[in-house]
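1. Return a 3D structure for these sequence lines:
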Amino acid sequence: ASNPSSMTSKKKKNAIKMLNKELSGCAMRKQLQEALKKVRAGVKKGLVLDVHSYTNLINCHARCGDVQGAKKTLQTMKENGVSPNIVTLTALLKGCCDSGDLCTAREIFLREMIQQVDTTMPSESKKRKKGGEGADSEVDTSLFPNQRALATLLRGCQRLGDVVVAEEAYSAWGALPSQPKEVEIVGKEEGDEEQQDSEISTTTASLLLVAMLSQTLRVDRACEVAETMARGSGASLDQGFAAWHIARAYAVQGESQRGKAWAGLARDLLGKSKSSGLLEAMQRHSS
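-> Numbers count the residues shown, from 1 in each chain. Next comes the predicted model:
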């Protein structure tokens, strides 16, 4: 180990896998200094960090509240010729949301993931139209945000009360020609930590937006989003929650008949769920 050249390629491969697993553990335990120490030791032994190494390190920075460190790690990653994947960007996205930096979170979602051109910069728009640098043909669809990434940003918007960014992100995601809506961890290997909840339904993001729109009494728009949720299947629980948020908004506005109608819909949808305790709780709220 003291002589990097003495390590065979197989030993280095096993060593980097072990390092990635250790970095994941450091992220879970929020041990940033320990993670950095392990990285330095690994590099000294001749190990070359891969996408999983950088992803776990970025996640560790983010979970420890060191967003600047996470950003610098992403920059170093790119400079070293390692391309980030959707997990890498989602880890940084969550860190920004948790720290209240929605401005950077928005940039990550729109510029890094969706790779949307900044329309305020004419030169950039021309490049894409002419097929130059940043052209549509060069867009990496593997970085398109999935439900997990979208829900991460919307949760941040909900905590900080920014419905404008939420709607912008939701609309941009909905306009993608290819949407990786399934729950998956791209490029995941043993040692990677799943960044969000274990399960993200296909309507979770829509429910978050409905909740925000209802809270700001933009009920017509909330109803539009709720209608798109109804086109899905097997999502009666999220649909029921969405209907309940809309019912509350109508009640606050004094439109009792519409409120009762949506409360009834919420009750019916939640009734399809096998969670009797949840149904009873929601029925009390509806009343």
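2. where's the nearest residue to Y250 once chain neighbours are set aside, which helix or strand?
-> Nearest residue to Y250, sequence neighbours excluded (C-beta to C-beta, 6 or more residues apart in numbering): G259, at 3.8 Å. Just so you know, the C-beta spots here come from the backbone N, C-alpha and C atoms, and that holds for glycine as well. Taking DSSP states H and E as the definition, one finds G259 inside helix 256-271.
3. List the buried residues for that helix?
-> For helix 256-271, burial by neighbour count (16 or more other C-beta atoms under 10 Å) applies to R258, G259, W262, A263, L265, A266, R267, L269, L270.
4. how much space is there between E138 and Q115?
-> 9 Å (C-beta to C-beta, to the nearest Å).
5. Specify which residue of these two has the higher count of neighbours.
-> Q115 (16 against 11; other C-beta atoms under 10 Å).
6. burial measure for the closest residue to the more buried one other than its chain neighbours, as a count.
-> The shortest distance from Q115 to any residue other than its chain neighbours is 5.1 Å, reached at V139 (C-beta to C-beta, 6+ apart). When counting by other C-beta under 10 Å, one arrives at 17 neighbours for V139.
7. close enough to count as contact, V139 and Q116?
-> No: the pair V139 / Q116 is not scored as a contact, 9.5 Å apart, by C-beta atoms under 8 Å.
8. Next one: M7, what pLDDT does it get?
-> M7 is assigned a predicted lDDT (pLDDT) of 70.
9. Turn the buried residues of helix 256-271 into JSON lines, columns for pLDDT.
-> As requested, the buried residues of helix 256-271 are exported to JSON lines (pLDDT from 0 to 100):
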{"residue": "R258", "pLDDT": "96"}
{"residue": "G259", "pLDDT": "95"}
{"residue": "W262", "pLDDT": "94"}
{"residue": "A263", "pLDDT": "91"}
{"residue": "L265", "pLDDT": "90"}
{"residue": "A266", "pLDDT": "87"}
{"residue": "R267", "pLDDT": "85"}
{"residue": "L269", "pLDDT": "84"}
{"residue": "L270", "pLDDT": "79"}
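10. Find the pair from the residues you listed with maximum spatial separation.
-> Using C-beta to C-beta, the pair of those lying farthest apart is R258 and L270, separated by 18.5 Å.
11. which residue ranges form the helices in the chain?
-> Shown for the chain, the helices assigned by DSSP state H span residues 9-29, 32-44, 51-63, 67-79, 86-98, 102-107, 122-130, 147-160, 163-174, 204-215, 219-229, 236-252, 256-271, 276-286.
12. helices or strands up against the fifth one?
-> Using 3 or more C-beta pairs under 8 Å, 6 or more residues apart in numbering; DSSP states H and E as the contact test, the elements touching helix 86-98 are helix 51-63, helix 67-79, helix 102-107, helix 147-160.
13. and if you look at the longest one?
-> Secondary-structure packing of helix 9-29 (3+ C-beta pairs under 8 Å, 6+ apart): helix 32-44, helix 51-63.
14. mind checking how far E167 is from R221?
-> 8 Å.
15. Need the residues touching each of the two.
-> Residues touching both E167 and R221 (C-beta atoms under 8 Å, 6 or more residues apart in numbering) are L213.
16. What is the least confident helix or strand in the chain?
-> The weakest-scoring helix or strand in the chain, judged by mean pLDDT, DSSP states H and E, is helix 122-130 (a mean of 44).
17. and stretch 75-91, average pLDDT?
-> Rounded mean pLDDT across stretch 75-91 is 96.
18. Let me fix that, I meant to ask about stretch 141-152.
-> 93.
19. L47 and K12 touch, don't they?
-> Yes: using C-beta under 8 Å, L47 is in contact with K12, at 6.1 Å.
20. M229 and Q239 touch, don't they?
-> Yes: if you go by C-beta under 8 Å, M229 and Q239 touch, sitting 5.3 Å apart.
21. Identify the contacts common to these two.
-> T203.
22. ok, how many other residues are close to the residue nearest to A149 when sequence neighbours are not counted?
-> In this structure, A149 finds its nearest non-sequential neighbour in T90, 4.7 Å apart by C-beta to C-beta, 6+ apart. By the criterion of other C-beta under 10 Å, T90 has 31 neighbours.
23. Pretty sure T90 sits against T152.
-> Yes: contact criterion C-beta under 8 Å: T90 and T152 qualify, at 6.0 Å.
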